[in-house]
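Novice: Structure for this input, please:
(one chain, ligands or ions: 2)
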Amino acid sequence: MTTGVLLVDPQYDFFPGGSLPVAGGDQIVEPINLLLARHPELPLFASRDWHPTSTKHFQERGGLWPPHCVQQTRGARFHEGLRMDRAAIYDKGTDPDDDGGYSAFDGRRRDAQGNSISLMEDLRRRGVDGIVIAGLATDYCVKASALDACKNGLLVFLFLPGVRAVNIKPGDGDAAIAVLREAGVLLVS
Ligand code: VGL
Ligand code: ZN
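Specialist: Ligands and ions are numbered 1, 2, ... in the order given. Sure thing, here's the model as predicted:
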C-alpha cells in the first residue's frame, strides 16, 4: 500500500486574520510540519480554494460565504509556515456559476504534459491507495474531501492535530468527525 498526504485549503483566508477565519487554525501548522518532516517519502497533495472575484459561492450572489480565496490575492496563498514545496496543487471552486468545489476531489491541475487531471487520476497513476488528510475546515472542505476519498475506495486517515472547524453552529466540527468515523475514516493523532 502507498499512502499520500492531502492538505486541504491551508490558505491565509482560513487562518486567523483572514476573511473566513477558523478559530485555532494556526495550531495546525506545527503538527502538519512534524508529520511532513517525519515522512518526507510520502507523496504530498494540496487543494486550493481558488475562486473568481464574483461567484455563486459568495453571499453577494446567493451563496453562504463572504469573499475568500480570490485567485491571485494574498488570502488565497498557502500559509508560508507550512513546508509544502513538494505538493501537487489542485485548484477547486473556479466556476463562477457553481457553488460547488468543496471537495479536493473536485480540484484539477495540469500535469507535466499540460493535460488537466483530477486528484483521483493522479493518485491512481501513482498507485496511492491510502490518504492522510489535514487542513481547513473540518466541517466543510475537509469533510467533503474525506467522504469523497472513502467513495473512491481509499483508506482514509484524518490527522486530528492538523484540522480545525469553522463551527458556524457550535458542534459542527464534532458532528463532521462523527460522520467521517461512520464512513470508515480512521482518526489518527
Ligand atoms: C471552505 C467554506 C467555503 C473550506 C471553502 O475550505 O472548508 N469553507 N469555502
Ligand atoms: Zn470557498
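Novice: List the contacts of the nearest residue in space to residue 71 that is not next to it in sequence.
Specialist: Closest residue in space to residue 71, ignoring its immediate chain neighbours: residue 50 at 5.5 Å, by C-beta to C-beta, 6 or more residues apart in numbering. In short, each C-beta sits where N, CA and C put it, glycine included. Contacts for residue 50 were tallied using C-beta atoms under 8 Å, 6 or more residues apart in numbering; they are 69, 71, 76, 91-94.
Novice: quick one: residue 50 from ligand 2, how far?
Specialist: Distance, residue 50 to ligand 2, using C-beta to the ion, to the nearest Å: 9 Å.
Novice: For this protein, just list every one of the strands.
Specialist: With DSSP state E, the ranges of strands along the chain come out as 3-8, 44-49, 88-92, 108-110, 116-118, 130-136, 155-164, 186-188.
Novice: would you list the ones you listed in TSV and tack on mean pLDDT and distance to residue 145?
Specialist: Converted to TSV, the strands of the chain look like this (pLDDT from 0 to 100; distance: least, C-beta to C-beta, whole Å):
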stretch	mean pLDDT	distance to residue 145
strand 3-8	98	5
strand 44-49	98	7
strand 88-92	98	9
strand 108-110	97	14
strand 116-118	98	12
strand 130-136	98	6
strand 155-164	98	9
strand 186-188	98	15
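Novice: Throw those strands into TSV and include mean neighbour count and distance to residue 34, thanks.
Specialist: Shown next, in TSV, are the strands of the chain (neighbours: other C-beta atoms under 10 Å; distance: least, C-beta to C-beta, whole Å):
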stretch	mean neighbour count	distance to residue 34
strand 3-8	25	12
strand 44-49	26	14
strand 88-92	20	21
strand 108-110	15	26
strand 116-118	14	29
strand 130-136	25	11
strand 155-164	21	9
strand 186-188	13	13
